[in-house]
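Asks: Next come a sequence and a model predicted from it.
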Amino acid sequence: MKKTLLITYSFPPAIGGIENYYSNVCSRMDPASIVVLAQNHPESAEFDAKQKYKVYRTEFFSGKIPPRWTPLKGEILKIIKAEKIEQIIFGHFHPLCLLGAKLNLPYFIFGHGTDIMQIQHDIWQVRALKKSYRHPLCKKFVANSKFIYDELKRLIGNDAKLEIIYPGVDFDGLNVPVDDFSGRKKLMGLDDNDIVMMSLGRVEPEKNYAEIIKLMPEMLKIVPQLKYVIVGDGSEIENLKSLVQSYDLKYNVIFTGAVRGDMAAKTFYYQLSHIYITVSAKPEGFGISYLEAAAAKTVVIASKIGGSIEAVKDGETGLLVDPKSAKEIRDAILKVALDRELWEKMSKAGQAWAKNFSWDLQMKKILEILN
């Protein structure tokens, strides 16, 4: 493969879906063929030292006048020369992708979800998107779902360079037995009689966690052993803790705080759960966490909007609900929690479905494009 420079603001040790995506992609490439330019991070030195590939760090928005990303050009040119770079990947869409036209190398843009959805009503950013896409040096724009593909086609008015490649799932890793699983479960105050419902990710208002907490008192009357575990941190966390206190749910809703973004850290929580639920009020670009949960034999409940409908087969690997309907959310949770036979059927189907998104298959597609 041609020597490639990945330019991405979102990269480990920062935690998030895009960060996890590029950790997997880069670790599966020939270390001699990939170089990364990423945003500075307080813990980056330790992370970068462990990688087999080269990682450069910088401040992406250090310019004193808008657009504040323009100083990146000089840093990128230095890396291109020092590392003999032959092509570039912009790890997510941002107007800084306009730099691609000035670097005199073929480039690729990968779109994930938020980076595309948040620009729809911004004339300047849509113009930057079209200009970046239409430049002859832009070879492909990779969308992480059919939903994002359709959004890009609508915004650009052209799909000649668009291609769908779904994120990958570390199926084998998600099924490796977790050390001291029972002990860790006990420390959380859980036992084998509990039915564990779990959400994992950024704790933000649009994730709709508050709606699930509000439903807990009613559901506990029907399923007393139901527990809700919220894994992650974010701007909504204190509001949710206050809500739990006001509903007297401190023994039924458990907050773990932030966890590392690597799969080993998340596997325990996926394996712990009977139900994985994220009923986002805003469309997900795809929702790789749904497939990760399914791979770990967890039944999924998700919103029937956005890319979620590609990750979850409604009625087969999980249930899709209207995120604005408390009744639909409640009924879906109770349906899975009360019917063990249905849970077994869906969890087996979910595992089989998740295998179709293995990293081996997705990396083969990525490498075909880059080659």
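Replies: Alright, I've got the coordinates.

Asks: pLDDT below threshold where in the protein?
Replies: Scanning the chain for pLDDT under 70 picks out 261.

Asks: just to confirm, which helix or strand has the residue located most distally from the centre of it in it?
Replies: Computed with CA atoms, centre = their mean, the residue of the chain farthest from its C-alpha average is residue 221, at 33.8 Å. If you go by DSSP states H and E, residue 221 is part of helix 209-222.

Asks: who touches that helix?
Replies: 197, 199, 203, 226, 228, 230, 236, 239-240, 243-244, 247, 249, 252-253, 277, 279, 323, 326, 329-330, 333-334, 337-338 (CB atoms under 8 Å, 6 or more residues apart in numbering). C-betas here are computed from N, CA, C, even on glycine.

Asks: Now restrict the residues you listed to buried residues only.
Replies: For the contacts of helix 209-222, a burial check counting by 16 or more other CB atoms under 10 Å picks out 197, 199, 203, 226, 228, 230, 236, 240, 243-244, 247, 249, 252-253, 277, 279, 323, 326, 329-330, 333-334, 337.

Asks: Narrow the residues you listed to those in strands?
Replies: Counted as lying in strands by DSSP state E, out of these, are 197, 199, 226, 228, 230, 253, 277.

Asks: Among the residues you listed, which one sits closest to residue 45?
Replies: For those, the minimum distance to residue 45 (CB to CB) is 30.8 Å, reached by residue 230.

Asks: Could you pull out the helices in the stretch 201-350 of the chain for me?
Replies: Secondary structure of the stretch 201-350 of the chain by DSSP state H, counting those that start in this stretch: the helices cover 209-222, 237-246, 263-272, 288-295, 308-311, 326-338, 340-354.

Asks: right, so the ones you listed: which one is the most enclosed?
Replies: helix 288-295 (a mean of 28; mean count of other CB atoms under 10 Å).

Asks: what helices or strands is that one leaning on?
Replies: helix 17-27, helix 171-174, helix 263-272, strand 275-278, strand 299-303, helix 308-311, helix 340-354 (3 or more CB pairs under 8 Å, 6 or more residues apart in numbering; DSSP states H and E).

Asks: Nearest to residue 103 among the ones you listed would be which one?
Replies: helix 17-27 (19.7 Å).

Asks: could you point out which element follows the closest one?
Replies: Next in sequence after helix 17-27, counting helices and strands by DSSP H and E, comes strand 34-39.

Asks: Listing partners with orientation, what would you give for that following strand?
Replies: Strand 34-39 sits in its sheet next to strand 4-8 (parallel), strand 54-58 (parallel), going by DSSP bridges.

Asks: hmm, who's touching the last one?
Replies: Around strand 54-58, the neighbours that count as contacts under CB under 8 Å, 6+ apart are 11, 35-41, 44, 48, 72, 75, 79, 83.

Asks: and the residues you listed, which are buried?
Replies: For these, buried by 16+ other CB under 10 Å: 11, 35, 36, 37, 38, 41, 44, 48, 72, 75, 79, 83.

Asks: With distance to residue 59 as added columns, please give the residues you listed in CSV.
Replies: As requested, the buried ones among the contacts of strand 54-58 are arranged in CSV below (distance: CB to CB, whole Å):
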residue, distance to residue 59
11, 14
35, 18
36, 15
37, 11
38, 11
41, 11
44, 12
48, 16
72, 9
75, 10
79, 15
83, 20
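
Asks: ok so residue 368 is a strand residue?
Replies: No - the assignment for residue 368 (DSSP: H, G, I helix; E, B strand; the rest coil) gives helix, which keeps it out of a strand.

Asks: how many other residues sit next to it?
Replies: Counted with other CB atoms under 10 Å, the neighbours of residue 368 add up to 10.

Asks: again with residue 280
Replies: 19.

Asks: Residue 202 is in contact with that one, correct?
Replies: No - here residue 280 does not reach residue 202: they are 10.2 Å apart, not a contact under CB atoms under 8 Å.

Asks: Sort out which residues of stretch 190-198 are buried, please.
Replies: 190, 194, 195, 196, 197, 198.

Asks: Can you give me the first-to-last residue distance of stretch 156-169?
Replies: 30 Å (CA to CA, to the nearest Å).
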